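Student: sequence? don't have it. structure:
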């Protein structure tokens, strides 16, 4: 807000008022011009809208989240985890040829039994240094579809404290034809 002539802000009973100190002759007049500028508010609003638009345009169309739940151990096992990988398409277009890769630490082993409806891994590689690497291929992920990949790992040794799991990796071809990688 700007005014001509200049003013002072005065607070009376919790309300703010504008006050002018003017010397007016008898039968005289004085012109007060008050201008309120909304341009900064408009610019901030436009910047917020553009920022949200850029975020939605540039964000990854696919999301992967990794979740682990402890389940009671079986005979001879002291630690057992059920690992869930949530793969979700956030767009209205199908995405093809997704590759999901997850690593299991060397202290744990992949359970061989898979439940009904569970997606089977396409490849399991045992690596001395990195542990077990499990790969899944998803041919098509339809618009707004979410797939849950689950598997179990166990350890014959008792694990005390938290067990750190590696990030799951998802590879796909983006709309520009380049390979993109997303981590959980």
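Tutor: Perfect, I can see it now. Remember, predicted model here, so these are calculated numbers, not experimental data.
Student: Would you point out which residue is most central in this protein?
Tutor: residue 63 (7.9 Å; C-alpha atoms, centre = their mean).
Student: Look at it and tell me its secondary structure.
Tutor: strand (DSSP: H, G, I helix; E, B strand; the rest coil).
Student: Leaving out chain neighbours, which residue sits closest to it?
Tutor: By the measure of C-beta to C-beta, 6 or more residues apart in numbering, the closest residue to residue 63 outside its immediate chain neighbours is residue 88, 4.9 Å from it. In short, each C-beta sits where N, CA and C put it, glycine included.
Student: Tally up the residues packed near that neighbour, please.
Tutor: If you count neighbours by other C-beta atoms under 10 Å, residue 88 ends up with 15.
Student: what stretches of this protein score poorly on pLDDT?
Tutor: Applying pLDDT under 70 to the chain picks out residues 73-78, 114-117, 156, 159-161.
Student: Helices along that one, start to end?
Tutor: Along the chain, the stretches classed as helices by DSSP state H are 39-58.
Student: Which residue of it lies farthest from its centroid?
Tutor: Computed with C-alpha atoms, centre = their mean, the most peripheral residue in the chain is residue 26, at 69.3 Å.
Student: and the residue nearest to the centre of the chain, how far is that from residue 177?
Tutor: Distance, residue 63 to residue 177, using C-beta to C-beta, to the nearest Å: 21 Å.
Student: In contact with residue 134, which residues?
Tutor: Shown here is residue 134, whose contacts under the criterion C-beta atoms under 8 Å, 6 or more residues apart in numbering are 101, 102, 103, 104, 110, 121, 123, 124, 125, 151.
Student: and with 10 Å instead?
Tutor: Contact partners of residue 134, counting by C-beta atoms under 10 Å, 6 or more residues apart in numbering, are 83, 85, 100-104, 110, 121-125, 149, 151, 153, 168.
Student: now swap in residue 12 and tell me
Tutor: residue 19.
Student: partner residues bridging it?
Tutor: Under DSSP bridges, the beta-bridge partners of residue 12 are residue 15.
Student: how close does it get to residue 118?
Tutor: 72 Å.
Student: Same question for residue 80.
Tutor: As judged by C-beta to C-beta, residue 80 and residue 118 stand 16 Å apart.
Student: Please say which of those two ends up with more neighbours.
Tutor: A direct count of neighbours by other C-beta under 10 Å for residue 80 and residue 118 places residue 80 higher, at 17 against 13.
Student: Strands of the protein, start to end?
Tutor: Assigned by DSSP state E, the strands in the chain fall at 2-4, 8-12, 15-19, 33-35, 62-71, 79-89, 95-104, 109-110, 123-127, 131-141, 146-155, 169-173, 179-183.
Student: Noted, bye for now.
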